[in-house]
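>>> Here's a sequence, model it:
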Amino acid sequence: MQEKDEMDKDIEFDVLTEIGNIGAGNATTALSKLINTRIDMHVPKVELLGFSELAEIVGGAETLVAGILLSLEGDIDGMMLFVLESSAAHLLVDQLMGCQTTGNTEGFSDMEQSALMEIGNIIAGAYLSSISTLTNMLVTSSVPYLAVDMAGAILSVPAIEFGKLGDKALLIESQFKDLDVDISGYFILIPTLESYRRILTSLGL
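I've put the predicted structure just below:
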């Protein structure tokens, strides 16, 4: 019985990894078109983590990050975040806008915020599309909301919102390659417990 449980977990994890890889492929294509530059995106890490573990993965609770948050509706309820360390977010925006940062490592101008939200929208849309394709489920998202704050503060939002409905999040590390510098971002999917069951059921698991 224990072997079967372990096997089921391995299959579930393979499916989650596949979602991560397909999402990264979709996002790479969309971002490359946006800036008319070749980008490679790799998925070195896919993990199913508790809320309390997320902040450490992105550098610690006091790390300054830019987080793009979206709420999910349709067949899957929950929340989605795309999180970048503030310095990485500045570098990625610079790459997209074809300019160099002014040296301000904390705040973002209105134009930079718009660029970040566009990046977040594209990446979130790519992952949602991969989930919809694999599960044949309808998933829609809200307008993105950008927050620049310490990782602990941003990641406390889903914990408060969904803490009673589940405590697991799918974390997919995304590495952007072929830019002037390599940049890592973190895509975090937090479905309600019921939605997570629906995803696995739709895949026959």
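
>>> What residues does the residue lying closest to residue 137 once chain neighbours are set aside make contact with?
Once flanking residues are discounted, residue 137 sits nearest to residue 75: 3.8 Å by C-beta to C-beta, 6 or more residues apart in numbering. Heads up, the C-betas are built off the backbone N, CA and C, glycines and all. Listed by C-beta atoms under 8 Å, 6 or more residues apart in numbering, the contact set of residue 75 reads 135, 137, 138, 139, 195, 198.

>>> How much space separates residue 75 from residue 15?
Counting by C-beta to C-beta, to the nearest Å, the gap from residue 75 to residue 15 is 16 Å.

>>> now swap in residue 159 and tell me
From residue 159 over to residue 15 (counting by C-beta to C-beta), the distance is 25 Å.

>>> any idea whether the closest residue to residue 157 other than its chain neighbours is helix, strand or coil?
Computed as C-beta to C-beta, 6+ apart, the closest residue to residue 157 that is not its neighbour in sequence is residue 69, at 6.7 Å. Secondary structure state of residue 69, per DSSP: H, G, I helix; E, B strand; the rest coil, is strand.

>>> quick one: contacts for residue 69?
Neighbour list for residue 69: 79, 80, 81, 144, 145, 146, 147, 154, 157 [criterion: C-beta under 8 Å, 6+ apart].

>>> now with 7 Å?
By C-beta atoms under 7 Å, 6 or more residues apart in numbering, residue 69 lies in contact with 79, 81, 144, 145, 147, 157.

>>> Many thanks, I have nothing further to ask.
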